[in-house]
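S.K.: here is my input; please provide its structure:
(one chain, ligands or ions: 3)
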Amino acid sequence: MLRVAVPNKGSLSETAAEMLSEAGYAGRRDPRALNVADPRNDVEFFYLRPRDIATYVGSGALDVGITGRDLLLDSGSSAVEIASLDFGSSTFRFAGPSGRFGSLDDLAGHRVATSYPGLVGGFLAKAGVSVDLVSLDGAVESAVRLGVADAVADVVSTGSTLRAQGLEIFGPVILESSAVLISARDDLPGIAILHRRLQGVLVARQYVLMDYDLPLALLEAASAITPGLESPTVSPLRDRDWVAVRVMVPRQDTNQVMDALYDLGARAILVSPIHAARI
Ligand SMILES: Nc1ncnc2c1ncn2[C@@H]1O[C@H](COP(=O)(O)OP(=O)(O)OP(=O)(O)O)[C@@H](O)[C@H]1O
Ligand SMILES: O=P(O)(O)OC[C@H]1O[C@H](OP(=O)(O)OP(=O)(O)O)[C@H](O)[C@@H]1O
Ligand SMILES: [Mg+2]
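M.R.: Numbers count the residues shown, from 1 in each chain. Ligands and ions are numbered 1, 2, ... in the order given. You can find the predicted model right below:
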């Protein structure tokens, strides 16, 4: 039975659970349950703190897990990233009081608060900048105002938490992070199945199916607008001068693509959602 680590709370937990459910796996009925067996899929899920998942997976106690790239790198675990899951995107940045720091070198000798000492310490060591790291559990943006640090290094999404504390980002990007699938095993077929199913969910979320009718003479021009993943499916119509085209289109481009196809001469342009996919 494949043993899978899933975030039990925090920013990643809801979407991770939704994706697994869309991928056909059993979820938690009791939100406090720590594990759920899914015998139909030969999987058992373990609901753990996102910060601990890389440790469990790296040690081999669990086979595969969903966590943040930043948490994986901070942990120093030997687990590796198998795939990005395209949610929970954030950037890891330095920030200080407005106008106080201009570049990374300005940090030398100062106190930097973070709840990711492994990630930030590694980054600063590589950059050759020596600081006094202040390790906190969370809400690190308060550390400057409360006087325990001169700057912070933390997860930034919208930036509103930093702004509310009078901080602004400076220096290089430490990391672009997102939710990732991690493992320390490459010998379990169940991992490839889980990976493929989650990829299918991403495709179903990111693409729509588009059908349209088109004068045959415009097929090359239309294929340039909607190349599809491999190549568009083209079917004959009773009127031999026309064809029906079916193609996958990135969801976010749907309306621009429909406008362009209509301008070209396509008609009866229909869009449908994709419920599941294996690409
Ligand atoms: N505001 C956010 N937007 C997007 N991703 C975020 C945000 N905050 C955290 N994350 C990401 O979520 C993952 C886990 O962070 P999360 O906040 O859920 O856990 P935590 O900080 O350990 O727990 P908690 O905040 O509940 O104490 C990390 O990969 C982080 O980059
Ligand atoms: O850029 P923003 O959109 O404001 O989001 C970033 C904030 O979100 C996370 O906080 P979280 O709620 O996880 O609290 P924590 O700091 O205690 O982990 C992160 O640690 C930042 O503080
Ligand atoms: Mg947090």
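
S.K.: list the buried residues for the helix or strand in which Leu198 is found?
M.R.: Leu198 is part of helix 189-206, with elements assigned from DSSP states H and E. The neighbour-count check on helix 189-206 (16 or more other CB atoms under 10 Å) flags 190-191, 194-195, 197-205 as buried. For the C-beta atoms, the positions are set from N, CA and C on the backbone; glycine is no exception.

S.K.: residue contacts, Ser272?
M.R.: By CB atoms under 8 Å, 6 or more residues apart in numbering, the residues touching Ser272 are 208-209, 211.

S.K.: and Arg93, helix, strand or coil?
M.R.: strand (DSSP: H, G, I helix; E, B strand; the rest coil).

S.K.: can you tell me which residues contact the residue in the chain that ligand 2 sits nearest to?
M.R.: Ligand 2 sits closest to Gly138 of the chain, with a gap of 2.5 Å, by CB to the nearest ligand atom. Contact analysis of Gly138 by CB under 8 Å, 6+ apart lists Ser115.

S.K.: can you spell out which helices and strands pack onto the top strand by length along the chain?
M.R.: If you go by DSSP state E, the chain has its longest strand at strand 167-177. On a contact count with 3 or more CB pairs under 8 Å, 6 or more residues apart in numbering; DSSP states H and E, strand 167-177 meets helix 69-75, strand 90-97, helix 117-127, strand 151-156.

S.K.: how near is Leu202 to Ile82?
M.R.: Noted for Leu202: a distance of 13 Å to Ile82, by CB to CB, to the nearest Å.

S.K.: what's the span of stretch 73-88 from first residue to last?
M.R.: One end of stretch 73-88 sits 16 Å from the other (CA to CA, to the nearest Å).

S.K.: quick check: buried residues in that stretch?
M.R.: For stretch 73-88, by 16+ other CB under 10 Å, it's 73-75, 77, 79, 82-88.

S.K.: which one of these is nearest to Thr254?
M.R.: Of all the buried residues of stretch 73-88, Thr254 sits closest to Asp86, with 17.8 Å by CB to CB.

S.K.: which ones are touching the nearest residue to the closest one once chain neighbours are set aside?
M.R.: Counting by CB to CB, 6 or more residues apart in numbering, the nearest residue to Asp86 once its immediate chain neighbours are dropped is Leu202, at 5.5 Å. Contact partners of Leu202, counting by CB under 8 Å, 6+ apart, are 19, 85-86.

S.K.: could you do Glu176 as well?
M.R.: Contacts of Glu176 (CB under 8 Å, 6+ apart): 69, 89, 91-92.

S.K.: wait, Val234 touches Val245, no?
M.R.: Yes. With contact defined as CB atoms under 8 Å, Val234 counts as touching Val245 (5.6 Å).

S.K.: and for those two, which residues touch both?
M.R.: Shared contacts of Val234 and Val245, defined by CB under 8 Å, 6+ apart, are found at Leu219.

S.K.: those two: which is more packed in?
M.R.: Val245 (22 against 15; other CB atoms under 10 Å).

S.K.: am I right that that one is in a helix?
M.R.: No. Under three-state DSSP, Val245 falls outside any helix and is assigned strand.
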